[in-house]
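# Structure for this input, please:
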Amino acid sequence: MTSQKEKARLFISLHKPGEPLILFNAWDPGSAKVVAEAGAQAIATGSWSVAAAFGFDDGETLPFDLALANLKRIAAAVSLPVTVDLEGGYGRTPAEVAETASRAIEAGAIGCNLEDQVVGGDGLYAIDDHCERLEAVRKAASKADVPFFINARTDLFLKAPPEEHGGLVKAALDRGRAYAEAGASGLFVPGLADEALIATVCSKTPLPVNIMAMPNTPPAKRLAQLGVARISHGPGPYRVAMRALAEAARAAHKG
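Here you go, the predicted model:
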């Protein structure tokens with residue numbers, strides 16, 4: 001069997017600007033197996049989908065022990081690398097976030113998303129504060145001897161209307177450079193959909209760039225041309241599955 005460390009190395013190698021890794025996000029062992037059988041190279045959870053599947057709202061309202069148990073079952077159900085959405089790290093201090101990451105690694109994760117918005121608060125962490133959180137996760141991963149992929153997510157673009165995104169690129173690049181120095185492996189910029197801005201971010205950040213597929217996002221082939229290294233589908237797959245379930249249930253009830 002492939003070791004966790006080998007899976008982590010494989011996952012890192014899959015991030016190639018111009019040949020983006022496609023992550024069709026799963027939410028439980030069953031969905032992970034279906035995605036794997038469809039030809040996925042890796043499995044990624046999405047916090048919104050996992051929370052919804054268990055009857056919770058997004059934003060760390062899902063108890064972490066339950067999220068961890070779900071992660072452990074997903075990692076056991078598939079042979080692919082599994083990266084977990086840890087939202088804000090289920091804690092604000094570096095020590096709390098490091099503990100969260102350590103437990104995720106122990107459960108089988110080879111990577112995580114860690115966002116810079118203050119979950120349950122207002123705005124984003126100051127760059128220096130979030131860098132301390134990223135550094136703590138990197139130290140935890142080093143202690144576990146796993147080359148953990150830390151996907152540093154900035155919520156700058158999600159928190160602003162599209163017409164303001166152009167003015168936020170410099171701030172995003174500043175965060176990307178700082179996050180890279182703090183030990184991040186990738187830069188996740190959900191909400192960014194403008195082709196020119198995506199190309200700018202991809203060309204000027206030292207980290208492989210992750211874009212979230214949304215209705216207004218360019219198609220995967222175009223994102224590849226812009227230099228994107230990773231495309232996540234977020235809550236989209238869960239919503240598709242639930243729509244299909246709802247339609248089938250309505251048809252069954254109609255007889």
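
# Report the mean per-residue pLDDT for the helix or strand encompassing A224.
Following DSSP states H and E, one finds A224 within helix 220-225. Mean pLDDT, computed over helix 220-225, is 98.

# Identify the neighbouring strands of the helix or strand following it in the sheet and state each direction.
Sequence-wise, the next helix or strand downstream of helix 220-225 (DSSP H and E) is strand 230-232. Here strand 230-232 has these sheet partners by DSSP bridges: strand 21-23 (parallel), strand 209-212 (parallel).

# now the ones you listed as a markdown table including mean neighbour count?
Bear in mind the C-beta positions are built from the backbone N, C-alpha and C, glycine included. Conversion of the strands paired with strand 230-232 to a markdown table gives the following (neighbours: other Cβ atoms under 10 Å):
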| stretch | mean neighbour count |
| --- | --- |
| strand 21-23 | 21 |
| strand 209-212 | 25 |
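
# related to what we said a few turns ago, point out the other helices and strands that the helix holding A224 packs with.
Applying 3 or more Cβ pairs under 8 Å, 6 or more residues apart in numbering; DSSP states H and E, one finds that helix 220-225 contacts no other helix or strand.

# C-alpha coordinates for that helix, CSV please?
Provided in CSV are the C-alpha atoms of helix 220-225 (Å, rounded to 0.1, in the frame of the first residue of the first chain):
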residue,chain,number,x,y,z
ALA,A,220,-11.2,24.3,-17.0
LYS,A,221,-9.4,24.5,-20.4
ARG,A,222,-9.3,28.3,-20.2
LEU,A,223,-8.2,28.2,-16.6
ALA,A,224,-5.3,26.0,-17.6
GLN,A,225,-4.3,28.5,-20.3
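
# in it, what's buried?
For helix 220-225, burial by neighbour count (16 or more other Cβ atoms under 10 Å) applies to L223, A224.

# what comes into contact with it?
Residues from elsewhere that reach helix 220-225, judged by Cβ atoms under 8 Å, 6 or more residues apart in numbering: G18, E19, P20, I22, E195, I198, I211, A213, T217, I231.

# do that again at 7 Å, thanks
G18, E19, P20, I22, E195, I211, I231 (Cβ atoms under 7 Å, 6 or more residues apart in numbering).

# Check the gap between the most centrally placed residue in the chain and K221 for me.
Centroid-nearest residue in the chain: N113, 4.1 Å away (criterion: Cα atoms, centre = their mean). From N113 across to K221, the span is 24 Å (Cβ to Cβ, to the nearest Å).
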